[in-house]
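Peer 1: need a structure here:
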Amino acid sequence: MNQDIVFKEIACYLRCDPADISSATRLEDLGIDSLGAISILYELEDKLDIEVPNEVFESLNTVGDILTRLEQILAQKERV
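Peer 2: Okay, here's the model as predicted:
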């Protein structure tokens, strides 16, 4: 479920087909710099009603990294 949301948001940012994105895809290979990653994550924060800590941004290298961190944040939110 969240994978679809993440892929769609990245595809919207890049104006491409979500099918062109995989979990293993490096953000750098997609042409997403740190500012682009921040923009995408802000949109995902709104869509998923979460807050991504700023220190997380530095550790995101692949689409899979985004998925993993969002799943962790969502799991923590559910426990509260």
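Peer 1: contacts, neighbours, all on C-alpha from now
Peer 2: Fine.
Peer 1: A strand includes residue 51, no?
Peer 2: No. With DSSP: H, G, I helix; E, B strand; the rest coil as the criterion, residue 51 is assigned coil and is not in a strand.
Peer 1: Now it: closest residue in space, sequence neighbours ignored.
Peer 2: residue 45 (5.7 Å; Cα to Cα, 6 or more residues apart in numbering).
Peer 1: what number of residues lie near that neighbour?
Peer 2: Neighbourhood size, residue 45 [other Cα atoms under 10 Å]: 14.
Peer 1: tell me which element it falls in.
Peer 2: helix 34-48 (DSSP states H and E).
Peer 1: List the contacts of the next helix or strand after that helix.
Peer 2: Once helix 34-48 ends, the next helix or strand along the chain (criterion: DSSP H and E) is helix 63-79. Contacts with helix 63-79, where a contact means Cα atoms under 8 Å, 6 or more residues apart in numbering, come from 2-3, 6, 22-27, 50-52, 56, 59-60.
Peer 1: Could you pull out the buried residues of the helix holding residue 45?
Peer 2: Neighbour counts over helix 34-48 (16 or more other Cα atoms under 10 Å) mark 37, 39-41, 43-44 as buried.
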